[in-house]
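# Need coordinates for the following:
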Amino acid sequence: AEEETGGDLPPVCTCEAHCAEGTVDETCPVCTVDYTACTYTAPVEPEKGPAKEPAEEPEVPVCAGLEGCDGDTHTEGCPLYVAPVEPEIPVKELTIPSFTTGQLGSAIDESLGDTAQRNDITSLTVSGGELNADDWDTMQNMTGLVSIDLSGATCENNEIPLEALNNYNSNDPENGPKYALTNFSFPKNITTIQNGAFAYCSNLTFSSKDWLPDTVITINPLAFQNCSNITGVDLSNVKTLGRQSFQRSGLTGSLILPDNLVLKSNKTIDNFYIFDGCTGLTEIIIGENITSTGQDCSTPIAYLGGNLFSGTSVQKLTIPNSTKYLGSLGQIAGPGCTVEIEDGVTHFGVYYVNNQKKEVPVISGNIVGTLKIPDSVIDMSNSALGNNIKISKLEYHGPASVAGLMNLFSQELSTLEIVDFSES
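Numbers count the residues shown, from 1 in each chain. Next comes the predicted model:
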């Protein structure tokens, strides 16, 4: 018997477009019989959003043609100028645990091996050993140094030697110092800082006034000259302070010169300029029994002068009665300074060296207000009042033996009011 197959399947519309009278798809098995049975359905078009604006072309910078623009080189201010990028210097730190005196350089080289040169080191720590002048020379010639920590080491003779880290670039002075030493920690038990030890270390910076070790009692001439980032210092333990030791440093605010301080000049005692150029220094408190010594005066005398305050902006100076010889106070900067001289000063602009009388101007520049010369004065320089004085009134209490000088001053300084209280 034959199997039943269920019959043939009905035809299916295969049109790719909707059939209409006159446009019948002749290949479609449905529409060729009856085009009205066409089941073609057009696909649904997705909704279109708003038309996008075409992206603007970026503006291309054009050379401004400034002076200095040439080819691929452009000067600052030109749209095509590209600032130079400073190369990053890798920080290389080195610690020397200990070394043989005089052989710090060898110890550094041994630690570095073939990996770097001495000038590649930016931070050096010496944790032990005794430094001598040769070791300081080694450090001075390491031009990459920014930080030196010697707090674990000691120094020969307990002193930082002559020009130890002197940063004056004698080979190229116009281009500044040899290296940019910024941070420094002192060795143990230092008592003396020798001539020019840190001169021209213009980047050397300390965070507070108490950076100087308590053990330091002697600061020799030029020790911190041109250390323009040193803004304060505590000198309370210092016994000897040298000529130009803080000249053109960055000292600001107030400073105390301690009692019994000896001012030391490697020239004559009328040439100190210790704080010359410290225009931020507005107050200096002068201790008792300060004395001075120099090439012309090997034995300290109770002399205060030598342009000691020249270039500062102090606003008031009180000369203590322990001062016997008052010399040149210096050309003081700033808005003006008043001077009070306590009774006890005996020589005004006069001092003696080997029984020879030396005369210097005392008052000049920005000394203002009333100046009283006490009756303790027994000798006065005829040039005691220097050039361009700005004091408005002079009260004289000295003896009649030098009262004639007041008449001389009154004739030469017609704008000066002089009140003479001298003995008749």
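# For the residue nearest to residue 291 when sequence neighbours are not counted, give me its contacts.
Counting by CB to CB, 6 or more residues apart in numbering, residue 291 lies nearest to residue 300, which is 3.7 Å off, once chain neighbours are set aside. All C-beta atoms are positioned from the backbone trio N, CA, C, and that covers glycine. By CB atoms under 8 Å, 6 or more residues apart in numbering, the contact list for residue 300 reads 262, 291-293.
# got it, and residue 183?
Residues in contact with residue 183 (CB under 8 Å, 6+ apart) are 146-149, 205.
# isn't residue 139 right next to residue 153, touching?
No: counting by CB atoms under 8 Å, residue 139 stays clear of residue 153, with 11.1 Å between them.
# if we can go back for a sec, flag every buried residue along the host helix or strand of the residue nearest to residue 291.
Per DSSP states H and E, residue 300 falls inside strand 297-301. By neighbour count on 16 or more other CB atoms under 10 Å, the buried set for strand 297-301 is 297, 300-301.
# Now tabulate those residues in TSV and tack on pLDDT and distance to residue 278.
TSV is the format used below for these (pLDDT from 0 to 100; distance: CB to CB, whole Å):
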residue	pLDDT	distance to residue 278
297	88	25
300	93	24
301	94	25
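# Go through the residues you listed and name the one nearest residue 384.
Residue 384 lies nearest to residue 301 out of these, by CB to CB, at 18.2 Å.
# and the closest one, what are its bridge partners?
residue 292 (DSSP bridges).
# How confident was the prediction at residue 391?
Listed pLDDT for residue 391 reads 80.
# so which of the contacts of residue 300 is the most crowded?
In terms of neighbours by other CB atoms under 10 Å, those top out with residue 292 at 27 neighbours.
# Could you tell me how far that residue is located from residue 384?
18 Å (CB to CB, to the nearest Å).
# So residue 129 sits against residue 96, correct?
Yes: using CB under 8 Å, residue 129 makes contact with residue 96 at a distance of 7.5 Å.
# neighbour-wise, which of those two wins?
A direct count of neighbours by other CB under 10 Å for residue 129 and residue 96 places residue 129 higher, at 22 against 18.
# Which pLDDT value belongs to the more buried one?
97.
# so what's it up against?
Neighbours of residue 129 in contact, by CB under 8 Å, 6+ apart: 96, 98-101, 104, 153-154.
# just the buried members of the residues you listed?
For the contacts of residue 129, buried by 16+ other CB under 10 Å: 96, 99, 104, 153.
# how much space is there between the second one and residue 223?
Taken as CB to CB, the spacing of residue 99 relative to residue 223 amounts to 25 Å.
# quick revisit: kindly reformat the contacts of residue 300 as CSV and extend each row with pLDDT and distance to residue 121.
As requested, the contacts of residue 300 are exported to CSV (pLDDT from 0 to 100; distance: CB to CB, whole Å):
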residue, pLDDT, distance to residue 121
262, 98, 39
291, 97, 44
292, 96, 42
293, 95, 41
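# Going by distance to residue 344, which of these wins?
Of all the contacts of residue 300, residue 291 has the smallest distance to residue 344: 14.3 Å, by CB to CB.
# So the closest one sits against residue 264, correct?
No: here residue 291 does not reach residue 264: they are 9.8 Å apart, not a contact under CB under 8 Å.
# and the residue lying closest to residue 133 once chain neighbours are set aside, what does it touch?
With sequence-adjacent residues excluded and distances taken as CB to CB, 6+ apart, residue 133 is closest to residue 161, at 4.6 Å. Counting by CB under 8 Å, 6+ apart, residue 161 touches 132-133, 136, 155, 194, 197.
# What's the local residue count around residue 202?
Residue 202: 20 neighbours (other CB under 10 Å).
# What of the one 5 residues further on?
Applying other CB under 10 Å, we find 9 other residues in the vicinity of residue 207.
# Report the distance from stretch 129-149 to the chain centre.
Between the centre of stretch 129-149 and the centre of its host chain there is 21 Å, according to CA atoms, centre = their mean, to the nearest Å.
# buried residues in it?
So for stretch 129-149, counting by 16+ other CB under 10 Å, buried means 129-133, 135-140, 142, 144-149.
# Equivalent analysis for stretch 107-121, please.
107-108, 118, 121.
# And the residue nearest to residue 133, how far from residue 151?
Distance, residue 161 to residue 151, by CB to CB: 18 Å.
# for residue 366, same thing?
Applying CB to CB, the value for residue 366 to residue 151 is 42 Å.
# Correct me if wrong: residue 283 contacts residue 253.
Yes: contact criterion CB under 8 Å: residue 283 and residue 253 qualify, at 6.9 Å.
# of the two, who's got more company?
Set side by side, residue 283 and residue 253 show more neighbours around residue 283, with 14 against 11, by other CB under 10 Å.
# Residue 134 sits in which helix or strand?
helix 133-140.
# who does whichever helix or strand comes after that helix pair up with?
Note on helix 133-140: by DSSP H and E, the next helix or strand toward the C-terminus is strand 147-149. Sheet pairing of strand 147-149 (DSSP bridges) gives strand 123-126 (parallel), strand 183-185 (parallel).
# Show the average pLDDT along strand 147-149.
Taken as a whole, strand 147-149 has a mean pLDDT of 97.
# residues making contact with that strand?
Residues outside strand 147-149 that contact it (CB under 8 Å, 6+ apart): 122-126, 139, 165, 181-185.
# Pipe these into TSV and attach distance to residue 37 per row.
As requested, these are arranged in TSV below (distance: CB to CB, whole Å):
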residue	distance to residue 37
122	93
123	95
124	100
125	100
126	105
139	106
165	108
181	101
182	97
183	98
184	104
185	103
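# Can you tell me which of those are classed as buried?
Looks like the contacts of strand 147-149 have 122-126, 139, 165, 181-182, 184 buried, using 16+ other CB under 10 Å.
# lowest average confidence, helix or strand, in the chain?
Every helix and strand of the chain was ranked by mean pLDDT, DSSP states H and E. The lowest is helix 404-412, at a mean of 52.
# what's the spacing between the nearest residue to residue 14 once chain neighbours are set aside and residue 232?
In space, and not counting its chain neighbours, residue 14 is closest to residue 28: 5.0 Å by CB to CB, 6+ apart. For residue 28, the distance to residue 232 equals 104 Å [CB to CB].
# And for residue 371?
Separation of residue 371 from residue 232 (CB to CB) stands at 30 Å.
# Same question for residue 163.
Residue 163 is 24 Å from residue 232, by CB to CB.
# Need the three-state assignment for residue 80.
Of the three states, residue 80 takes coil under DSSP: H, G, I helix; E, B strand; the rest coil.
# and it, what is it in contact with?
By CB under 8 Å, 6+ apart, residue 80 lies in contact with 61-64, 69, 74.
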